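Colleague: give me a 3D structure for the following:
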Amino acid sequence: MHLDWWTLGLQTINFAILVWLLQRFLYKPVLRMIDARKAQIEREYGDAAAAAQKASEQLAAAAGERAGIAAEREAALKAAAVQAQELIEARHAQAERDAQALLDGARKTVAAERAGALQEARRVALDLGAEFARQLLAEVPLELRCEAWIERIKEHIDELAAAEREVLREQLADGHALTVVTAAPLPAAMADSWRERLGSCLGEGLDIIFEVNPALIAGAELHFPTAVLRFSWQGALEAARAELAAHADAR
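Modeller: Numbers count the residues shown, from 1 in each chain. Okay, here's the model as predicted:
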């Protein structure tokens, strides 16, 4: 085998020139381009990592804010629920007080109306009783009625203490008259009988004046100068009416 050294040298020179050209115009620019691209990629990767870190921080901050908002919302809901419950309880209590006040007022009104009706019924009963008694007495002979009343009057005076009877007698001294008021005129004989019986318990020689007042219904009244002894049904009715009025005022 024969080697052509000139050809080999030229080819070597050509190869060296080609390598130099490739290194100068291709390899180094490609390396620089690769380095630049690598640096750019690293920068972009760094920017992406920074952006991801920032996004993570923002996400964490947003999550914290959401948690704070949720906590505030929960607290606000609880406070609103407490206020609503307090308002409901206050309104319920007020409604109960209003209902109780209304019920008490209704009870008082009913009680007052009942008391008024009862009092009026008692007044009517008294008036009817007085009228009924007047009609019954009209059927009883006058002498019997007068005898019954003078007997009651005499018993009352006889049962008085001695000091009380003496006070009554002193009022009739020095010519002062005793006025006897009856519901109906006394017959002359009955008037003499009353004068005798009253004289026996109040002193002989009394000056007695007889008067008539139909409003007494029945019975009689003894009018002393400064005192009145009532033995009439009118007095009993007036006492009953006064008791009813006092009972009504007490209510």
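
Colleague: where do the strands sit along this structure?
Modeller: Counting by DSSP state E, the chain has these strands, from start to end: 178-182, 208-212, 219-223, 228-232.

Colleague: lowest average pLDDT across these?
Modeller: Note on those: strand 228-232 shows the lowest mean pLDDT, a mean of 86.

Colleague: before we move on, the earlier item: so which of the strands of the chain is nearest residue 99?
Modeller: strand 228-232 (52.2 Å; Cβ to Cβ). (Glycine included, C-beta is placed from N, CA and C.)

Colleague: partner strands of that closest one, with direction?
Modeller: Strand 228-232 has the following strand partners under DSSP bridges: strand 219-223 (antiparallel).

Colleague: which helix of this structure spans the most residues?
Modeller: Assignment by DSSP state H gives helix 28-138 as the longest helix of the chain.

Colleague: what helices or strands is that one leaning on?
Modeller: helix 233-250 (3 or more Cβ pairs under 8 Å, 6 or more residues apart in numbering; DSSP states H and E).

Colleague: what is the burial count for residue 69?
Modeller: By other Cβ atoms under 10 Å, 10 other residues sit near residue 69.

Colleague: circling back to that earlier point, and the angle for the longest helix of the chain with strand 219-223?
Modeller: 90 degrees (axes from the mean of the first three to the mean of the last three Cα atoms, to 10 degrees).

Colleague: run the chain-centre distance for helix 28-138.
Modeller: 26 Å (Cα atoms, centre = their mean, to the nearest Å).

Colleague: okay, which residue is most central for this protein?
Modeller: When Cα atoms, centre = their mean is applied to the chain, the residue found nearest the centroid is residue 101 (2.9 Å).

Colleague: circling back: give me the mean pLDDT for the longest helix of the chain.
Modeller: 74.

Colleague: for residue 25, find the nearest of the strands of the chain.
Modeller: strand 228-232 (157.6 Å).

Colleague: which outside residues touch the closest one?
Modeller: 149, 152-153, 156-157, 183, 216-222 (Cβ atoms under 8 Å, 6 or more residues apart in numbering).

Colleague: mind redoing it with 6 Å?
Modeller: For strand 228-232, the external contacting residues (Cβ atoms under 6 Å, 6 or more residues apart in numbering) are 153, 216, 219-222.

Colleague: for the residues you listed, which one is nearest residue 10?
Modeller: residue 216 (180.1 Å).

Colleague: hang on, the closest one packs against residue 183?
Modeller: Yes: the pair residue 216 and residue 183 qualifies as a contact (Cβ atoms under 6 Å) at a distance of 4.1 Å.
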